[in-house]
Structure formats: structure tokens, C-alpha cells
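[1] build me a structure from this.
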Amino acid sequence: MAKNFKHIPVLAKEVPDILVRDPSGIYVDGTFGRGGHSRLILEKLSPKGKLYAFDRDEAAVKAAEEISDPRFRIIYAPFAEMKEKLIELGITSVNGILLDIGVSSPQIDDAERGFSFRFDGPLDMRMDTSTGMTAAEWINRAAAEEITSVLKLYGEEKFSSRIAAAICERRTKEPFTTTKALADLIASVVPRNKKDRDQHPATRSFQGIRIFINDELGQLRQALNAAGSLLQPEGILEVISFHSLEDRIVKHFFDMCANPDKGIDPRLPLRAEQLPQPLFSKGKKVVPTKEELEINPRARSSILRFASRTGTPWKGLELT
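    From the prediction side, this is the model:
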């Protein structure tokens, strides 16, 4: 039986209004989720418009079957592969691309997916459950140094070494198989956040493990480069992020694209036409309104950054 989980798309008005400049154009929704943004984009398109949505979550792809619109197509693949998948369909350029980064509400709310410490379920955390190792498989065999590194780098957890030591000690007696077992262990060794008493001690660790298991930051870097190579001049790239790690990459990407001459010694005798030209216009930022946050509290950490592509030929960027 299909599970129906409520999902409210963030920045529902701003996203389609900014993205769709040519109603007859070709657009990409890099993370279909449950189709909130896709449906809003389709409302903006003319009968000639096209929308290609991507998702690496089989449940999301299944949900996309509910959209019976000839202008719409779902592709079962991560957004990092959008360029290759679209080329296979004969599409080499598009008018706009949306990337909504991170885990979706249905993924969090489904205990069977293992993303949340609020529900007890299998310790999985894979966005694509058909491939890759589960969080349990990794937790039960990774060295303490690797666990420490993942929690510190991707979860920004200052107690990472303490948590890693506790995990390694506990798994010698009984392997981790559920989200509750891992969350309870972390809560037993990490103090509550004094600035946010409502934050569960396992919040940062679960974030770090999820990002690592799904290679979310690597996927984002690939997707940004793919988007830059696909967009037509004046085409829009929108990226919604939910935490500082993602947003830092996105902000850096747009900054590099808008200011490619940054770092060049101004004393060099170069003419303007000899300097590298911008790949994108200057990036802009949008955050949820107070009214939206009252309706959808999960939007509170969301940040939308967007910019338009210039006519400068694309060159791949090394993103850190």
C-alpha cells in the first residue's frame, strides 16, 4: 500500500516566478520529491513548454506517475547525471534548472527510510535504496577515525570523537540496526545544546551520516557544473539549500561564476577583453517570509540562491 506523506514545497511562489521566463521553454526540476515544485512550474508553462524532473528515490519516481501531463517527464537518476541523461534524449540546452538540496519531508517522515531519529526504523538513510551501503553497514564497520571525520566534516559535530568511540565500543557487543539504537547512544554521550534545548543530541550526527552515505556534497558539485553547461544564455539556475555546508558551496559557485577575474593581479597590463568573462550574473538570495514560516516551519533554514547564465562558453569549475 502506498504511503501518503505530506510535503509542502518551500518558497512555492518565488521558485516558479523566478525560474520561468519563457513559458515555452525547457526546464529541469533536479529533485522531484513529491512534485510540489514541479506542479507549480507546470502551471507557468505554455502547451509548448517542457519539464524534466529527476530523482534518485524510487518512491519519488513512483509518485511522479500521478502527473499525467504530456509536458512532463520523470527520470530515475540523481541530478548530478542530468547532463548525460538529457543528452540521451536529444536535449543539449535548457531555459531553467531548479535544485532543491537535501532530504525531503516524506523521506524524513517515513520511519522505514531511517533518516530520522524521531522515528524508530531500519538504519538505512539511502536516498536510492537500490544501491550503495546502508548507514548501519557503514556504522558497524568503519574505523573510529573515519566516523569522527564524517561527523565533524559533514555534521559539524564538536563531540565527534566522543561519539565515534562510543559507537565502536557498543558495536562490539551488539551491531547497530535501528535509528533509535544509534540516537539513544549519541544522546547518552552528548550533552543537550544549551542554546537550543529542543534540538536532539543526535541531530548533527544523523545529518553528517546521511550526507556521507549519499555523497550529497559531491553530487551537488557535479550538478552545479552540469547546470552551467546546460543553461542557455539568460537561463536561470535556482538552488535551495537547508544548511551551511550546502549553502557555502552554492554561494562559492555563484561567486566564482560572477567574478572569474578574482585573484588576478590588478597590476598586470591586461585589457578588459583579455580578462575572463562572467559565466553567471551576480547571484541573488531569497529567504522565506514570516507568513510562510507560520504555515511551514520546516522552511525556516531554507535559502534560495539564483542567477542567470551569460553567453560566455562554459568551462568546468573545481568546487571545494
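[2] residues in contact with Ser229?
    Taking Cβ atoms under 8 Å, 6 or more residues apart in numbering as the contact definition, Ser229 lies against Lys83, Trp314, Gly316. Yep, even glycine has a C-beta here, placed from its N, CA and C like the rest.
[3] out of those residues, who has the most neighbours?
    Counting neighbours by other Cβ atoms under 10 Å, the top entry in the contacts of Ser229 is Lys83, with 20 neighbours.
[4] would you mark the buried spots in whichever strand or helix holds that one?
    Lys83 belongs to helix 82-88 when assigned by DSSP states H and E. For helix 82-88, the neighbour count (16 or more other Cβ atoms under 10 Å) marks Met82, Lys83, Lys85, Leu86 as buried.
[5] the residue lying closest to the second one once chain neighbours are set aside - how many residues pack around it?
    Among residues not flanking Lys83 along the chain, Ala226 sits closest, at 4.1 Å (Cβ to Cβ, 6 or more residues apart in numbering). Number of residues near Ala226 (other Cβ under 10 Å) recorded here: 24.
[6] report pLDDT for Ala226.
    On pLDDT, Ala226 comes in at 97.
[7] how much space between it and Gly96?
    With the distance defined as Cβ to Cβ, to the nearest Å, Ala226 ends up 14 Å from Gly96.
[8] point out where the stretch 1-150 of the chain drops to low pLDDT.
    Where the stretch 1-150 of the chain drops to pLDDT under 70, the residues are 1-6, 105-106, 109.
[9] tell me which stretches of the stretch 101-250 of the chain form strands.
    Assigned by DSSP state E, counting those that start in this stretch, the strands in the stretch 101-250 of the chain fall at 231-241.
[10] between the buried residues of helix 82-88, which sits nearest Leu304?
    Taking Cβ to Cβ as the measure, Met82 is the one of the buried residues of helix 82-88 closest to Leu304, at 19.0 Å.
[11] list the residues that contact that closest one.
    Counting by Cβ under 8 Å, 6+ apart, Met82 has contacts Val28, Gly30, Tyr52, Phe54, Ile75, Ile97, Ala223, Ala226, Ala227, Leu230.
[12] tell me which residues in stretch 141-148 are buried?
    Neighbour-count burial for stretch 141-148, counted by 16+ other Cβ under 10 Å, picks out Ala142, Ala144, Ile147, Thr148.
[13] how far is it from where the chain is centred?
    Relative to its parent chain, stretch 141-148 has a centroid offset of 25 Å by Cα atoms, centre = their mean, to the nearest Å.
[14] can I get the CA coordinates of that stretch in CSV?
    What follows is stretch 141-148 as a C-alpha-only set of coordinates in CSV (Å, rounded to 0.1, in the frame of the first residue of the first chain):
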residue,chain,number,x,y,z
ARG,A,141,32.5,-1.5,10.2
ALA,A,142,34.0,2.0,9.8
ALA,A,143,37.1,2.8,11.8
ALA,A,144,36.7,5.3,14.7
GLU,A,145,38.9,7.8,12.8
GLU,A,146,36.6,7.7,9.8
ILE,A,147,33.4,8.1,11.9
THR,A,148,35.0,11.0,13.7
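[15] low-scoring pLDDT stretches of the stretch 151-300 of the chain, where are they?
    Scanning the stretch 151-300 of the chain for pLDDT under 70 picks out 194, 196-197, 263-275.
[16] let's see 90
    Residues of the stretch 151-300 of the chain that meet the criterion pLDDT under 90 lie in 191-200, 260-276, 296-300.
[17] neighbours of the closest residue to Ser188 other than its chain neighbours, how many?
    Nearest non-adjacent residue to Ser188, counting by Cβ to Cβ, 6+ apart: Ala166, 7.4 Å away. By other Cβ under 10 Å, 18 other residues sit near Ala166.
[18] state the distance from Ala166 to Phe119.
    22 Å.
[19] which of the contacts of Met82 lies closest to Ser161?
    Closest to Ser161 out of the contacts of Met82 is Ala223 (32.0 Å), distances taken as Cβ to Cβ.
[20] let me see the contact set for that closest one.
    For Ala223, the contact set (Cβ under 8 Å, 6+ apart) comprises Gly30, Pro78, Phe79, Ala80, Met82, Leu99.
[21] which of those residues has the most neighbours?
    Neighbour max across the contacts of Ala223 (other Cβ under 10 Å) = Phe79, 29 neighbours.
[22] list the contacts of the residue nearest to that residue when sequence neighbours are not counted.
    Excluding its sequence neighbours, the residue lying closest to Phe79 (Cβ to Cβ, 6+ apart) is Gly30, at 3.4 Å. Taking Cβ under 8 Å, 6+ apart, we find Gly30 in contact with Ala53, Phe54, Phe79, Met82, Ile97, Leu98, Leu99, Asp100, Ala223, Ala227.
[23] so which residues make contact with the helix or strand hosting the first one?
    Applying DSSP H and E as the criterion places Ala53 in strand 50-55. For strand 50-55, the external contacting residues (Cβ under 8 Å, 6+ apart) are 25-33, 35, 38, 41-42, 45, 61, 64, 71-79, 81-82, 85-86, 89, 91, 94.
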